[in-house]
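# Give me the fold of what follows.
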Amino acid sequence: MAKSINQVILLGRLTRDPELRTTTSGKNIVNFSIAVDRGGQDDTADFFEVTAWEKLGDLVMQYLGKGRKVLVQGRLRQDSWDDKETGKKRTKIEVTATDVTFLDGPSDGNRQTSAPKSASKKSEDVVIEDIDDKPIDLSEIPF
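All right, here's what the predicted structure looks like:
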């Protein structure tokens with residue numbers, strides 16, 4: 001018998017700034033939505049609500065804003081409830097993110113935030129001065 005799979009991968013742009021909520025137990029939840037172009041002749045897109053929990057949500061809240069391009073990996077979740085006004089059954093499908101990849105820099109999007117210093121740390125260039133032109137003896141290589 002095959003296992004069940006619930007996985008979705010979406011590439012799009014945020015349609016609004018992320019919104020932060022906190023559960024009664026103190027966990028952070030960040031909600032945002034993305035527009036995914038259909039790639040056809042017309043300018044249509046599909047819109048998806050995304051939820052990111054705890055550390056992932058904190059990163060989304062800190063670095064993403066409306067217009068930023070992201071790759072979201074996650075699973076679909078369906079909620080259902082009775083509408084208080086009409087009494088009708090309502091459903092909503094959203095993506096619970098397991099990974100969010102930031103695809104453009106803050107200057108490419110609309111939100112102007114700076115990356116943390118540890119993320120923008122430049123590596124030191126190593127300069128090797130003692131290079132000679134002698135051929136390499138392959139018998140000295142240990143593998």
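
# Helices along the protein, start to end?
Secondary structure of the chain (DSSP state H): helices located at 54-63.

# which residues does the most centrally placed residue in the chain bridge with?
Centroid check for the chain by Cα atoms, centre = their mean gives Val100 as the closest residue, at 1.7 Å. Taking DSSP bridges as the rule, Val100 bridges to Val72.

# same check, this time on Val36
Going by DSSP bridges, Val36 is paired in beta bridges with Asp46.

# quick revisit: so what's the residue nearest to the centre of the chain up against?
Residues in contact with Val100 (Cβ atoms under 8 Å, 6 or more residues apart in numbering) are 50, 52, 56, 59-60, 64, 70-73. Any C-beta I mention is one placed from the backbone N, CA and C, and that applies to glycine too.

# do the same with Val8
Contacts for Val8 (Cβ under 8 Å, 6+ apart) come out as 72-76, 95.

# Now list the buried members of the residues you listed.
Buried residues within the contacts of Val8, defined by neighbour count using 16 or more other Cβ atoms under 10 Å: 72, 74, 95.

# Could you single out the nearest of those residues to Ala35?
Val72 (11.8 Å; Cβ to Cβ).

# The closest one against Val50, yeah?
Yes - when contacts are counted by Cβ atoms under 8 Å, Val72 is listed as touching Val50 (5.7 Å).

# circling back to that earlier point, against Asp43, how distant is the residue nearest to the centre of the chain?
Between Val100 and Asp43 the computed distance is 25 Å (Cβ to Cβ, to the nearest Å).

# before we move on, what about Gly57?
Per Cβ to Cβ, Gly57 is found 30 Å from Asp43.

# which of these two has more neighbours?
Gly57 (23 against 7; other Cβ atoms under 10 Å).
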